[in-house]
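Student: fold the following and give me the result.
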Amino acid sequence: MLVVLAALCAVVVTGTVSVRDDAAALHQVVAGRATAAADLRFALADLDAQRANSLVPGHSADRPAVLPPGRSAEEYEAGNRVLALLTAQQRRTEASDLLRRLAADPAEGPRVRTLLDGLGRYDDLSGRSAHVDEQTADRLAGRPPATAVTLSVEAGQVMHTELLPGAVALAADYQRRAAELEGRAAGAATRAAAVVGAVGAAATGVLVLCQYRLARRYGRVFNPPLLAATLAVVAITATGPWALLSTADALRAAGRDGLRPWSRLAEARAVAAEAAATESRWFVRDTAVGSLESARFHALTGRLDTLLAPTGSTARAAHRELLTRYGHFREDDRKLRRLRAAGRLEEATVVLTEVGRGRVAFDFWDFATRLDTEAGGHMATFTTEAGRARGELSGWPAIPATGVGVAGVLVVVGVRARLAEYG
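Tutor: The predicted structure is shown next:
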């Protein structure tokens, strides 16, 4: 009897401790690191978009050489450079903060240091590009200096060949870890439920058999300590598998309804920012059909189409609204390209950089914000389900281990009392 009780205690303790540790690790990896890596990817891509955008605004062609009394040069500006510069500063600060957070993970230290080095080179090139542009007085909107464009393109190459691939690899690594933890924890919970149920049933059978044999041998119908021990084991055998299977269900729900749809939307947000950066660089560099920026933009929007395709967990009104806002962004791009092809640079500059419905800057922000909201909803689902998984084992393994220990004491008391009385 004591052997089966010890075995039951061992499987309850090892099973629940393993599952709880994996569930806690899953929450830490996703909420603490996978989200930071995804935010880093977006911050870097949008930083590039805003710094590319800052080269587009300039003065309108109808600005007189001598300003009329009471008029300022700003009144003849086409495009919104201030918005691009402020947003770029915000994204740069966010990138630094996120890299600092991710550097706390020793396993990713080398990759984070590589990203910091690349970000330093990017800052140098984009800063020199901005300096050259600022030194060119009275330039027309949509026509930055060639040197500024060249430096901006070089900065973009650092972003696309070093920084973004590094951020993508970082995010993919954390998501892979999260998927592995989810599968391992859910599988461990299911196996532990089966083992606890089997060992608990065996322990119950042994206790019932001992009760029966003692009753037959000593003419007593019940042995109260053994009966209490049996009831304790039955309770653990019933509640243990139920709690473990509920934990497994919660972990699977966290992955199915939280982690995986969040991953798609977080990637879509970063890809959208890459597309916006490519669009701005296309505007000032090479607008020919089939140019590098055009091809990259179409590849990125093709990826967005795939990521935003409705799935079982996203086919609802909120997702349709997201697709509507994506459609606004795409329509703005088509309008921008028509204006640029017609040589209407000032109008195109306004469409690209000004705030308002029907303008790229606003509709991209609106689309990206909606993506962030949708992704946040799935992350909240993940957090809720992961918390439920941990909550299902609240008090485990202390309570069942104590119950099994008390059952063991009752077994000893019950058997020794009978042996002393009838021995």
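
Student: okay, residue 363: pLDDT?
Tutor: What the model reports as pLDDT for residue 363 is 93.

Student: quick check: the gap between the closest residue to it other than its chain neighbours and residue 91.
Tutor: The shortest distance from residue 363 to any residue that is not its chain neighbour, by C-beta to C-beta, 6 or more residues apart in numbering, is 4.4 Å, and that residue is residue 328. All C-beta spots, glycine's among them, are computed from the backbone N, C-alpha and C. For residue 328, the distance to residue 91 under the criterion C-beta to C-beta, to the nearest Å works out to 22 Å.

Student: ok, these two, which is more surrounded?
Tutor: Summary of the neighbour comparison: residue 328 and residue 91, criterion other C-beta atoms under 10 Å, with residue 91 having more neighbours (21 against 18).

Student: quick one on the thing from earlier: in contact with the residue nearest to residue 363, which residues?
Tutor: 357-358, 363, 366-367 (C-beta atoms under 8 Å, 6 or more residues apart in numbering).

Student: from those residues, list the buried ones, please.
Tutor: Among the contacts of residue 328, those classed as buried by neighbour count (16 or more other C-beta atoms under 10 Å) are 363, 367.

Student: can you put the contacts of residue 328 in CSV and add distance to residue 376?
Tutor: Supplementary listing: those in CSV, determined by distance: C-beta to C-beta, whole Å:
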residue, distance to residue 376
357, 24
358, 27
363, 20
366, 16
367, 15
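
Student: how about the contacts of residue 328, which pair is most distant?
Tutor: Pairwise distances among these were taken by C-beta to C-beta; the largest, 13.2 Å, belongs to 358 and 367.

Student: in the chain, where is pLDDT below threshold?
Tutor: Scanning the chain for pLDDT under 70 picks out 1-2, 61-76, 214-215, 217-223, 286-290, 312-315, 410, 412-423.

Student: can you give me the helices in this protein?
Tutor: Assigned by DSSP state H, the chain shows helices spanning 2-27, 35-53, 81-102, 109-135, 146-158, 164-218, 224-253, 260-284, 292-307, 317-341, 345-353, 360-392, 398-422.

Student: which one of the ones you listed lies nearest to residue 60?
Tutor: For the helices of the chain, distance to residue 60 was read as C-beta to C-beta. The smallest value, 5.3 Å, belongs to helix 345-353.

Student: so what's the residue count around the residue lying closest to residue 122 once chain neighbours are set aside?
Tutor: Ranked by C-beta to C-beta, 6+ apart and with sequence neighbours excluded, the top spatial neighbour of residue 122 is residue 158, at 4.6 Å. A total of 20 residues lie near residue 158 under the criterion other C-beta under 10 Å.

Student: ditto for residue 333
Tutor: Residue 333: 21 surrounding residues under other C-beta under 10 Å.

Student: ok, it - contacts?
Tutor: Contacts were defined as C-beta under 8 Å, 6+ apart; by that measure residue 333 touches 279, 297, 360.

Student: what is the nearest of these to residue 8?
Tutor: When the contacts of residue 333 are compared for distance to residue 8 (C-beta to C-beta), residue 297 comes out closest, at 62.4 Å.
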